[in-house]
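[1] predicted structure and sequence below. I'll ask about it afterward.
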Amino acid sequence: MALGSGNEKAEEAYDRAVEKKEKANDALGRSEEEGNRNCDLRELEWEAYQKACKERTNAAVEHIIVKEAIRRCNLQL
């Protein structure tokens, strides 16, 4: 995989993860506004939010690694 395309893919994965986390956060917020009437639904929304946070973190780390690899390669040219 070329580093340039790797960087684009890492950026896209990060953007998708951020969007997914925002949607999960919105769903969790709506659940709290409704007074947690359905505890099972609230639990599922909390789990989805936690998963989205982890995915966003992993995507951010991958993006940083690719950017650092590009920086090192540019310095070696």
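    Okay, I see it.

[2] which helix runs longest in this protein?
    Longest helix in the chain by number of residues (criterion: DSSP state H): helix 39-76.

[3] for that helix, which helices and strands make contact with it?
    Packing contacts for helix 39-76, counted by 3 or more Cβ pairs under 8 Å, 6 or more residues apart in numbering; DSSP states H and E, involve helix 3-33. Placement of C-beta: from N, CA and C, glycine included.

[4] in the helix it packs on, what's buried?
    3, 6, 10, 13-14, 17, 20-21, 24, 27-28, 31 (16 or more other Cβ atoms under 10 Å).

[5] now do stretch 58-68
    For stretch 58-68, the neighbour count (16+ other Cβ under 10 Å) marks 59, 62-63, 66 as buried.

[6] now pLDDT and distance to residue 47 too, for the residues you listed, in TSV please.
    Output for these, formatted as TSV (pLDDT from 0 to 100; distance: Cβ to Cβ, whole Å):
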residue	pLDDT	distance to residue 47
59	90	19
62	89	23
63	89	25
66	88	29
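
[7] can you name the residues that contact the most centrally placed residue in the chain?
    By Cα atoms, centre = their mean, the chain has its centre lying nearest to residue 56, at 1.9 Å. Contacts for residue 56 (Cβ atoms under 8 Å, 6 or more residues apart in numbering) come out as 14, 17-18, 20-21.
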